[in-house]
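Asker: Sequence and computational prediction follow.
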Amino acid sequence: MSDSLISETVKDAVQIAKDHNGDVHEHDVHAGDNHSDDHGGHHTSLGLSNTKLAMWLFLGSECLLFGGLISTYMLYRNRHSENLGPDQLWDIPFTSATSFVLLTSSLTMVLAVSAANRKDLRNTKIYLGVTALLGALFLAGQIYEFTVFYREGLGFTTSLFSSSFFTLTGFHGVHVSIGIIMLVAMIGMLSKEKVSGDEAEAVEMVGLYWHFVDIVWIIIFTLVYLIPA
Amino acid sequence: MTYDLNMSHQSPTTKMQAVETTTTLRSVTSSRLVRTLVACSLAALVAGCATDAPQDTWQPKGPNSQMINDLDWVVFGIAGVVGVVVFSVLAFAIWKYRDRGQPIPEQTHGKPALEIGLTILPALILVGIAIPTVGTIMDLNETADTECIVNVTGQQWWWEIDYPVQDGCGGIDEPIVTSGQMVIEAGTKVLVRGTSRDVIHSWWIPSLNGKRDMVPGRIHTVRLEADEPGIFAGQCTEFCGLSHANMRMEVIAMNTADFAVWKSNQTQDYVAPAVGSLAAEGESTFISQCSRCHQVDGLTDSNDELIISRPDQNVWSGAAPNLSNLMTRNTFAGASWDLLSKQCRPGVWDADPSTIGAAYLDGVTETCLNEVELREWLRNAPAKKPMYADPELLEETDGLVRGMPYLALSEDQIDQLVAYLLERK
Amino acid sequence: MAIIERPAEAPATTNRGSAPTPKASTNYGYLRRPVETTGWRSWAFTVDHKKIGIMYGAVAMFFFILGGLEAALIRLQLAGPDGTILSADKYNQMFTMHATTMVFLFVMPMAAAFANYFIPLQIGARDVAFPRLNALSLWVFVFGGVFLNTSWFLGGGADGGWFMYAPNSSVPFSPTNGVDFWGLGLQITGIASLVGAINLIVTVLNMRAPGMSMMKMPIFTWMAFVVQMLLLFAIPVITVALFLLMFQRSFGAQFFSVEAGADPLLWQHLFWIFGHPEVYILVLPSFGIISEVLPVFSKKPLFGYPFVVFSGAAIGFVGWGVWAHHMFASGLGPVSVAVFSVATMAIAVPTGVKIINWTLTLWGGKLTFTTAMLFAVGLIVQFTIGGLSGVTHAVAPSDTQQTDTYYIVAHFHYVIFGGAVLGLFSGFYYWWPKVFGKLLSEPLGKWNFWLMIAGMNLTFGPMHIIGLQGQPRRMYRWTEFRAGEGFFNLGFWNLVATIGTFILGVGILLFLINVWITHRPNSKTPPAPADPWDARSLEWITSSPPKEYNFARTPQVSQLDEFFHRKYEDVGEGDKHEYVQKMTGEEVIQFEEDNADPNIHLPAPSYWPMVLAFALPVMAYGVIYNTLLIVAGGAIATMAMFGWALEPADAESSDFDPPVEGDETSKELANV
């Protein structure tokens, strides 16, 4: 294996150099591409844009963040006083409804990305707006739910169950909030043409993040709400 | 543009002085010297160990530690051989392939067959280690053969040791509570069940078994068995806060007869000091100053009611050592200081197995008491052993005391207490 | 974007200092770009991966000295029985902060320094994928490290040991703010590592020069790449643990309060799921460094390159399945212990593969023992000792006798000092001429090496004995009663270890002296030649130090050890090999310069990374002292993020003084 990989004969460096020199430099050569507005789509080794790759990596890392939080919740979910546990608190129909709202926002996000790919700026902004609105609706539902729990006596420090529940869902809520800020900022930047680089790709990036947050919610909803302790 | 290789070495542009500086291992002789030195230092390592270190892990005194040590010999042996082989090959390569003007070697990137072979070899060696390892792990976790159960409870920074009522341990009819020193019968398979009242501690008697963390909210077990009577030193080995270094313990193994005597000593009724004696004054000082935290079984107050120590909410762990039989133990304050004076200590600690039980049962008498350190302790405990017990720091520690606070006792009170404590046997 | 317009006749070398400094005007509504190419601004706001790498290294070196002083105090305290130099409280802070500093503020950022500087150079890129994020990583690390250490002046450092086991880390047991500083500080440096990891992974995956497939990448880049993957997945786990700790200590949650029903082992699992990969995060970069150094000074390619790559990756994977071997005494139950025990032995195999391959790289070579080479060989020897003692811990029953004693302290210092630190020093000597254009003194370097080797073996060698004979770690005092009898009692070895520490300290001091002698004003050290070691990999196919844009033209790669094969030709026939030099290193570099790329775009410097980084410690102080500070920090962060997002890609014409007229190609930032 290593033999085939390596023992290539020593090549004539001058020849290589000449071949290389023969390349026509269609693009200038860049260092880094966070400033890539005027030279989008240049060469990368994988053919995947740097920012998109970075987002995938970030989301991979986020999986372990939520993995840790979910594990903590699963460990502690039965450690609560008798009358302040999931059985007394969960309002499954309500949470199902807000979950459905969040899932719908993934659909509108898909529509936004597809509109952006068609360079349909107007529809892109509309769908991004709807997505943000649905996200906000979900968030409002979560805040309402937290308020109800709090009124019933479940504070952040009430029990191990409550601490780990609020930590897990709170972290998710923060992620949704950041997503909404990103969506709104994207609409603003699209309007003022401030997006650096490929606009469709920028929208797609937000979309990746948004879908990830949705998928995490599906897992949380299943593990926390649907599966009985 | 093509140079002869040797010529290129003279080319001032490609060759740096730095590279040409002489190699450090100058000659065959010096490399031999190095190897001789290595061999000597290895020998020195083995010869260079302390003798009779009380916590030596390589001097097993019971079957559990023996099992571990048997495994140690295998593993250290294999590791030693592997080390010698690796270093020999390396030393040879360093000596043999120094730059002596030889041509540039073949630019080979390896030989897969050799590589695979050299990957399988360490894997096989490790399989050889893994098999006895797994067997020993299982053996060391066996609990079905237990002959005696002793509970230990760690707290900052001492161990409470209690013997629940059981048929084991030769029969225990009345719970025994002590601290710092666990007394067992030699040759008995003891199962220690441990937990903690505050943070994680670790129970470790190296000559009897490996360590086991004692975690609050959980009960962990560890086997102990001593082949012969003796005193086996140990130490808390999970960092447990400020005075972690001052949390020690011992296991004392004795023969069956001595152990029976010890058990009955521990359960005998309270003997009040003679009226009018210094110790009697000590009793009332004890009641006013100490009994809130320290239990002495059978001690009664002025209304003839039994005094039960109830450390209030200000004491984190909610307990202090039971002093009913203090002078039957020979260490105090987390087994960090001797109750026996320097003169009397060897008489017990260095006694041979046949007499050690009796020597230990003699307890600490007035002549043998390490009065200096006991008085220092009573005078200002936190100065001797750092503890979160300074009233001025209470605020910072959430108002919770750990360990014994400074009690501002007068010298007279200390005299009285020493006299009183001397009778707690 | 700054555009470097290359003049038709490029001078071969550039004098950095003499570049005319464009003075910036401030005629704009928002901040102008800090476009200076000299002075402190050219460092503070730079996005150049090389300057960032150098700053990473300098700050890490500062923390190395700090951590070393802490170690010296620890050893002084333990030189004799019942030491009184430090109080119990101070001692506990000292060993906690020593470990924290060395792990998080020295070895990790020093490895990041090498990765930052050399990954782009080794893969033929002009910078990392996200230069401003790179600057952010640096400043977040710097501010996080400083924040962590301000605890010394604000009530004392953390005192729970570097793995900070719960519940000892809770407020009642550690009432000062030390643990808060520790948790928040690590949270901040964790952000630096995570951002850096994403950045470098993208760089390695996406910015390789034409022809450089993954299996033609220099081995250091490979190992650094594996490390970044480990960081990517390990950091979020410690992030969760640290959040739980923060909620516990600052916001009343009870994740580790046993009286509320919590399980203290949760912390241990979370910490070690992070903590064990962390060990490989510490050593793999150094493995990469010596895998570069050994072939160069053996005149031979790395033996079994694919095996070394795959074993590195294997260590990276298996490293996730062995965390509980730190918990053999925690009471996991025999089945878990057996499984983790065997898994731990399994990880010894790829580690052994590395040692075998290094040895076989030397075998049949043409060895020259420069200081860099000595450190590399030193690593093999010292790490092997640490590896073998590691196998004795893998045997769980033996580990229950060894863990939390000085034997384990000896083990991980042989691994981390012998493995990681010696490799870093090898890298210093090897790459110093590349980075700074001057060679460090070799004679002094050898003194440096031998004193460090003698010092470390005298310091950590006796700890094997001390530990096996029963002295636990983390005790502020030891007693003669437990030290045994005879001349070689534990007191003797404790004293030897303390003496060794100071020999080690002198060795490290010699390195600093070496740097000073080389770079002091009026230093007689001549500039280093372009290819002082007859090197093999891509980073040497450019001037030393490299120019802002790294390569005059993007190199075309055809094989592993590209530089070597451009210099030498095999004129042998069949199985007989004979290598003749067809070009010198200088000629190869000159050839590249002569065929330079016409236009090179470099990213413009920016204030925002530093501003955003600054916001983090402000928020962290807020968590400890006053909620208003959290708000203030949040405001700064928000401002920085908007500034960052809205920052135009190019520096505006008006950022320059005088403002530049005409099209952007005239905006020269660098004097080529």
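Answerer: Received, thanks. Numbers count the residues shown, from 1 in each chain, chains lettered A, B, ... in the order given.

Asker: Give me the buried stretch members for the helix or strand where residue C:220 lies, please.
Answerer: Per DSSP states H and E, residue C:220 falls inside helix C:219-250. For helix C:219-250, burial by neighbour count (16 or more other Cβ atoms under 10 Å in any protein chain shown) applies to C:219-249. The C-beta positions use only the backbone N, C-alpha and C, and glycine is treated the same way.

Asker: Lowest mean pLDDT among the helices and strands, pick that one out for chain C.
Answerer: Least confident element among the helices and strands of chain C, by mean pLDDT, DSSP states H and E: strand C:2-5 (a mean of 41).

Asker: how close does the nearest residue to residue C:400 once chain neighbours are set aside get to chain A?
Answerer: The spatially closest residue to residue C:400, leaving aside those adjacent along the chain, is residue B:210, at 2.5 Å (Cβ to Cβ, 6 or more residues apart in numbering or on different chains). Taking Cβ to the nearest Cβ, to the nearest Å as the measure, residue B:210 falls 27 Å from chain A.

Asker: Just the C-alphas of the following helix or strand past the least confident helix or strand of chain C, formatted as CSV.
Answerer: Counting by DSSP H and E, the next helix or strand C-terminal to strand C:2-5 is helix C:39-44. Extracted in CSV, the C-alpha atoms of helix C:39-44 (Å, rounded to 0.1, in the frame of the first residue of the first chain):
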residue,chain,number,x,y,z
GLY,C,39,4.4,48.9,14.8
TRP,C,40,2.2,47.3,17.4
ARG,C,41,-0.9,47.8,15.3
SER,C,42,0.5,45.6,12.6
TRP,C,43,0.5,42.8,15.3
ALA,C,44,-2.6,43.6,17.3
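
Asker: Let me see the mean pLDDT of helix C:39-44.
Answerer: Averaged over helix C:39-44, pLDDT sits at 87.

Asker: What of stretch B:213-228?
Answerer: Averaging pLDDT along stretch B:213-228 gives 96.

Asker: ok, is it in contact with chain C or not?
Answerer: Yes. Judged by Cβ under 8 Å from any Cβ of the partner chain, stretch B:213-228 comes into contact with chain C through B:213, B:215, B:216, B:217, B:218, B:220.

Asker: Using CSV, please lay out the residues you listed together with distance to residue C:308.
Answerer: Formatted as CSV, the residues of stretch B:213-228 next to chain C follow (distance: Cβ to Cβ, whole Å):
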residue, distance to residue C:308
B:213, 38
B:215, 41
B:216, 46
B:217, 46
B:218, 43
B:220, 42
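
Asker: got CSV for the residues you listed, with secondary structure and neighbour count too?
Answerer: Formatted as CSV, the residues of stretch B:213-228 next to chain C follow (DSSP: H, G, I helix; E, B strand; the rest coil; neighbours: other Cβ atoms under 10 Å in any protein chain shown):
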residue, secondary structure, neighbour count
B:213, strand, 31
B:215, coil, 26
B:216, coil, 24
B:217, coil, 16
B:218, coil, 17
B:220, strand, 21
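
Asker: Spell out which residues sit in contact with residue C:628, please.
Answerer: Residue C:628 sits next to residue C:622 when contact means Cβ atoms under 8 Å, 6 or more residues apart in numbering or on different chains.

Asker: sorry, back to before: which one among the residues of stretch B:213-228 next to chain C gets closest to residue C:370?
Answerer: Comparing these against residue C:370 with Cβ to Cβ places residue B:213 closest, at 47.4 Å.

Asker: Show me what the closest one is bridged to.
Answerer: residue B:202 (DSSP bridges).

Asker: Would you check that it makes contact with residue B:200?
Answerer: Yes. With contacts counted by Cβ atoms under 8 Å, residue B:213 reaches residue B:200, the gap being 5.4 Å.

Asker: Give the residues shared as contacts by those two.
Answerer: Contact criterion Cβ under 8 Å, 6+ apart; residues bridging residue B:213 and residue B:200 by contacting each: residue B:238.

Asker: mind listing what's buried in stretch C:327-343?
Answerer: C:327-332, C:334, C:336-343.

Asker: Now, those residues that are in helices?
Answerer: Counting by DSSP state H, the part of these found in helices is C:334, C:336, C:337, C:338, C:339, C:340, C:341, C:342, C:343.
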